[in-house]
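>>> Structure here, sequence nowhere to be found:
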Ligand code: 7TS
């Protein structure tokens, strides 16, 4: 059943931070791929937790500890529902996408990889889905291979996939939506092809969760990682989903309290997943805020959010494409909610600095995809990334500002 689209122009009033001026201009926040803003519902959930329920989890018998534990575990169950996992036991709370991927690399990777094995990545990975695998390859003697990117239009060159998906490949880790180009990768297809060959798959969902409907069963991956702060939740909380049979066979990532059944001076018996991967006092308010964020997003409808973000991105892309002396990155069709570009003879950081003076928050740099920038022959790009509280009027103003910047540098 499709949800009716909400009134997009009033939704932004749910975000107190958006109602302000920056350098004397109304704030236009277009840095959502870095982190999203937080609606009042999430801020209220955090305040409520700290004002009424704060206690440590899983260890107290007193009322506050029971409340905190119930809310913490309710957030885990809510997260399972959010990505259509079968059970809350498949949800590990992490600090974010980065920590989720490091967990898989250090636990699953260290156990399962040996010299000569291959870790297959794509050329468009964020450093957090690249550096942990490089570190693991150095430790285990495994090698890295990459699915190439076609060029400025930022698609995966899938004509190479059959020759890359070979027997020594033990893991295929791929980004769902590229943070620097807006490419939407066909992850269900890629995972199906890997699965046929018995290859384990990991999907980096940092830019997809909370932006489009995500169903880990339909994607058919073995691991899926995302960050709470990019989907209206607090910073410091993230999610790693894993197939239960894989999680239960993985050794713990860190040792400490809360992840054990019994401890002797010589030996420890560990809890099952997910608790064996959550040593020590966890971020408790994080999952509670994330729960509120997930409820908030689903009240709007992720299909609606996806349509809205894509519409803004195509609108922005088409307008920028109409300008002279601009180079655009990422696909023309089927683009997620961002645009990435370079103005001729203007450094991306100058674009961002001047846009900031006009109240428009952009991002400039390599976007933690340095190898990709290198491949494209650039150091950096400027990026505008959208979310559902952004409007077409804001895109119009942004394009005006870009034109003004071009004029400024043409003088
Ligand atoms: N993967 C992708 C695709 C990302 O875009 C990011 C963050 C991460 C992983 C890491 O997420 P974290 O929450 O663990 O830090 N991307 C960006 C960005 O595009 N600008 O700032 C952070």
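Structure received. Predicted model, so just to flag it, every value in this text is computed and none were measured.
>>> Contact residues of this structure facing the ligand?
With CB under 6 Å from any ligand atom as the criterion, the chain meets the ligand at residues 33-34, 96-98, 126, 128-129, 175, 179, 204, 206-207, 227, 363, 367-368. (C-beta placed from N, C-alpha, C; glycine too.)
>>> so of these, which ones are in strands?
Among the residues of the chain next to the ligand, the members found in strands (DSSP state E) are 175, 204, 227, 363.
>>> Could I have the buried ones of the residues you listed as PyMOL selection syntax?
To isolate the buried members of these in PyMOL, using 16 or more other CB atoms under 10 Å:
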select buried, resi 175+204+227+363
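>>> Now do stretch 140-148, average pLDDT.
Per-residue pLDDT over stretch 140-148 has a mean of 98.
>>> ok, now stretch 38-53?
Stretch 38-53 comes out with an average pLDDT of 98.
>>> which residues are in contact with it?
Outside stretch 38-53, the residues that touch it by CB atoms under 8 Å, 6 or more residues apart in numbering are 14-17, 64, 67-68, 71, 232-234, 284-285, 288-289, 291-293, 295-296.
>>> Would you format the ones in strands among the residues of the chain next to the ligand as CSV with pLDDT included?
Output for these, formatted as CSV (pLDDT from 0 to 100):
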residue, pLDDT
175, 98
204, 98
227, 98
363, 97
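>>> residues in contact with residue 117?
140, 142-143, 168-170.
>>> Can I get the buried ones among the residues of the chain next to the ligand as something I can paste into ChimeraX?
Of the residues of the chain next to the ligand, the buried ones can be selected in ChimeraX as follows, counting by 16+ other CB under 10 Å:
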select :33,34,96,97,98,126,128,129,175,179,204,206,207,227,363,367,368
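>>> circling back: need the max-distance pair from the contacts of residue 117.
140 and 169 (14.0 Å; CB to CB).
>>> Now the helix or strand bottoming out on mean pLDDT in the chain: buried residues?
Ranked by mean pLDDT, DSSP states H and E, the weakest helix or strand in the chain is helix 8-11, scoring a mean of 90. By neighbour count on 16+ other CB under 10 Å, the buried set for helix 8-11 is 8, 11.
>>> One more: stretch 210-226?
Applying 16+ other CB under 10 Å to stretch 210-226 flags 210-214, 216, 219-226 as buried.
>>> One more: stretch 16-32?
Neighbour count says stretch 16-32 has 18, 27-32 buried, by 16+ other CB under 10 Å.
>>> just curious, which of those is nearest to the ligand?
Nearest to the ligand out of the buried residues of stretch 16-32 is residue 31 (CB to the nearest ligand atom; 7.5 Å).
>>> Might one say that that closest one is in contact with residue 360?
No - counting by CB atoms under 8 Å, residue 31 stays clear of residue 360, with 9.5 Å between them.
>>> Now tell me what touches stretch 363-370 from outside.
For stretch 363-370, contacts defined as CB under 8 Å, 6+ apart pick out 31, 33-34, 124-128, 178-180, 340, 347-349, 351-352, 373, 379-383, 385.
>>> The ligand: which of the ones in strands among the residues of the chain next to the ligand is nearest?
Nearest to the ligand among those, with distances taken as CB to the nearest ligand atom, is residue 227, at 3.3 Å.
>>> Can you tell me how far residue 400 is from the ligand?
To the ligand, residue 400 is 24 Å away according to CB to the nearest ligand atom, to the nearest Å.
>>> my bad, residue 239
Residue 239 is 11 Å from the ligand, where distance means CB to the nearest ligand atom.
>>> Each with direction, which strands does the helix or strand where that residue lies pair with?
Assessed by DSSP states H and E, residue 239 sits inside strand 238-242. Strand 238-242 has the following strand partners under DSSP bridges: strand 91-94 (antiparallel), strand 223-227 (antiparallel).
>>> Show me the chain divided up by domain.
Under the assignment automatic domain parsing, the domains of the chain span 8-35+302-410, 43-298.
>>> okay, the ones you listed in JSON lines with distance to residue 2 next?
Shown next, in JSON lines, are these (distance: least, CB to CB, whole Å):
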{"stretch": "domain 8-35+302-410", "distance to residue 2": "6"}
{"stretch": "domain 43-298", "distance to residue 2": "11"}
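>>> Tell me where the stretch 1-150 of the chain has helices.
For the stretch 1-150 of the chain, the helices defined by DSSP state H, counting those that start in this stretch cover 8-11, 40-48, 63-82, 97-104, 110-112, 131-140.
>>> Could you find the residue in the stretch 301-411 of the chain that comes nearest to the ligand?
Closest point on the stretch 301-411 of the chain to the ligand, by CB to the nearest ligand atom, is residue 367, at 4.9 Å.
>>> confidence score at that residue?
Residue 367 carries a pLDDT value of 95.
>>> What's the separation between it and residue 399?
21 Å (CB to CB, to the nearest Å).
>>> same check, this time on residue 292
Distance of residue 292 to residue 399, computed by CB to CB: 34 Å.
>>> What of residue 5?
24 Å.
>>> And for residue 109?
44 Å.
>>> higher neighbour count, the two?
Counted by other CB atoms under 10 Å, residue 109 and residue 399 do not tie: residue 109 has more neighbours, with 28 against 18.
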